[in-house]
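J.: Structure, please.
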Amino acid sequence: MKKIFTSSFLLAVLIGIILNLTGIFFPKLVQEQVFKIAILLYFMCPTGFPVPLQVQPLVKNKEDESFMSAFISLFLVIALITYILLTLFMSI
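T.: Numbers count the residues shown, from 1 in each chain. Purely as a prediction, here's the structure:
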C-alpha cells in the first residue's frame, strides 16, 4: 500500500513540475483559462486501456500485477475527482 501512495505522490509532483515548466516556457498561452485547463486535463487523464498490455512484460509475479491494478485504479479515481471539480468550478 505504501508503494501505491509513493507512486501517486511522485506522479502528482511530476505533473506539478510539468505544469509549472509549461507556465515558464509559455506564459502568454497559460494566461488563457482554456489552455490551462487543457494542460491539466492532458496530464490528469486516466491511463489508457492498453497500458496493462504494454507493461505486461515487466510484471514478474502476482504482487506486481496487483500493484499495477491498484495504481491504475487509484489514478482513475483521482482523475475522476479532478474532472468533477473542474466541471463544478468551470460552471460557476
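J.: Give me the distance between I18 and Y42.
T.: Relative to Y42, I18 is positioned 9 Å away (C-beta to C-beta, to the nearest Å). Where C-beta positions appear, they are placed from N, C-alpha and C, glycine not excepted.
J.: Where do the helices of this protein begin and end?
T.: For the chain, the helices defined by DSSP state H cover 2-25, 27-30, 33-44, 51-55, 62-90.
J.: Which neighbouring elements make contact with the longest one?
T.: Looking back up the chat, that one is helix 62-90. Under the contact definition 3 or more C-beta pairs under 8 Å, 6 or more residues apart in numbering; DSSP states H and E, helix 62-90 sits against helix 2-25, helix 33-44, helix 51-55.
J.: And the fourth one, by the same measure?
T.: Helix 51-55 sits against helix 62-90, with contacts defined as 3+ C-beta pairs under 8 Å, 6+ apart.
J.: Give me the buried positions along the helix it packs on.
T.: Buried positions in helix 62-90, judged by neighbour count with 16 or more other C-beta atoms under 10 Å: M68, F71, I72, F75, A79, T82.
J.: which residues touch the first one?
T.: With contact taken as C-beta atoms under 8 Å, 6 or more residues apart in numbering, M68 is in contact with P52, V55, V59.
J.: Just the buried subset of the residues you listed, please.
T.: The neighbour count (16+ other C-beta under 10 Å) marks nothing among the contacts of M68 as buried.
J.: Return the closest of those with respect to A12.
T.: Distance to A12 across those (C-beta to C-beta) is lowest for V55, with 20.0 Å.
J.: now that closest one: how far from S69?
T.: V55 sits 11 Å away from S69, going by C-beta to C-beta.
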